[in-house]
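# Sequence first, predicted model second:
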Amino acid sequence: MSTNKTVYVILGLLSEQPLSGYEIKKLIKLRFQFFWSESYGQLYPTLKSLVKDNLIQVFPLEKQSSRNEIKYYITDLGKEKLKEWLFVSPEKETIRLEILLKMYFSLNTPEVPMIEYLSAFKDNYSDAINTLNLFQKELEQIAFEDNHEDILHIIDFGQKVYKAYIEWSEETIKYFKRKNTK
């Protein structure tokens with residue numbers, strides 16, 4: 001069952017509270033950036049489609065002068081759709097790491113700056129793991145509610161994956177340095 005997962009990201013966030021499209025966009029980046037990427041070009045058309053399908057509604061505000069002020073809330077039908085999706089087994093994950101593709105095809109092109117690419121890859125995930133560490137610290141200082149413990153396990157997953165990426169980067173940089181001195 002392959003469906004636009006943007007639908008479920010939006011329904012899930014709106015199941016927590018009414019939000020504007022801009023707020024949804026910010027929350028996706030803040031909360032999910034280490035395990036989920038979302039096309040923002042798809043966000044507003046999906047919101048429009050969800051309203052049309054009666055899965056969400058526009059929050060009745062007195063004055064809505066801009067797109068950012070329009071708030072959406074989930075309907076009962078939307079809650080049911082989200083619940084149905086939660087009971088469907090997840091699809092197989094896909095991994096797309098362009099750095100590995102470049103490394104694979106760089107064999108006969110020694111001038112490809114793989115060490116530079118690997119260093120940037122490592123730095124990117126070092127920054128990301130630092131962000132996750134801050135999220136973890138912040139969450140641990142708040143009284144546990146609802147799904148805080150679940151979120152800590154999600155953060156733990158990200159930390160472990162990023163730690164593996166960093167370790168791999170360090171080892172592979174050493175490999176390329178040895179290879180380039182031969």
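That came in fine, so what should we check first?
# List phi and psi for S106.
Main-chain torsions, S106, degrees, to the nearest 10: phi -90, psi 0.
# pretty sure Y72 is in a strand, no?
Yes. Y72: assigned to a strand according to DSSP: H, G, I helix; E, B strand; the rest coil.
# give me every residue that touches it.
10, 14, 18-21, 24, 47, 50-51, 56-59 (C-beta atoms under 8 Å, 6 or more residues apart in numbering). Every residue, glycine included, has its C-beta placed from N, CA and C.
# Just the buried residues out of the residues you listed, in ChimeraX syntax.
This is the ChimeraX syntax for the buried subset of the contacts of Y72, where burial follows 16 or more other C-beta atoms under 10 Å:
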select :10,14,18,19,20,21,24,47,50,56,57
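# what's the closest of the contacts of Y72 to T131?
Within these, the smallest distance to T131 is 19.8 Å, found for I24 (C-beta to C-beta).
# how much space between that closest one and E140?
Per C-beta to C-beta, to the nearest Å, I24 is found 26 Å from E140.
# again with Y165
Counting by C-beta to C-beta - Y165 and E140 are separated by 24 Å.
# neighbour-wise, which of the two wins?
Neighbour count, other C-beta atoms under 10 Å: between Y165 and E140, Y165 has more, with 19 against 11.
# I figured that one hits Y125, correct?
Yes. Y165 lies in contact with Y125 (C-beta atoms under 8 Å); the separation is 4.5 Å.
# who's in contact with Y8?
82, 85.
# and if you look at L139?
L139 touches 148, 151-152, 155, counting by C-beta under 8 Å, 6+ apart.
# quick one, what contacts T75?
By C-beta under 8 Å, 6+ apart, the neighbours of T75 are 54-57.
# Out of those residues, which comes closest to F87?
Nearest member of the contacts of T75 to F87, counting by C-beta to C-beta, is L55, at 16.8 Å.
# How many residues are close by the closest residue to that closest one other than its chain neighbours?
Nearest residue to L55 in three dimensions, chain neighbours excluded: G78, at 3.7 Å (C-beta to C-beta, 6 or more residues apart in numbering). By the criterion of other C-beta under 10 Å, G78 has 22 neighbours.
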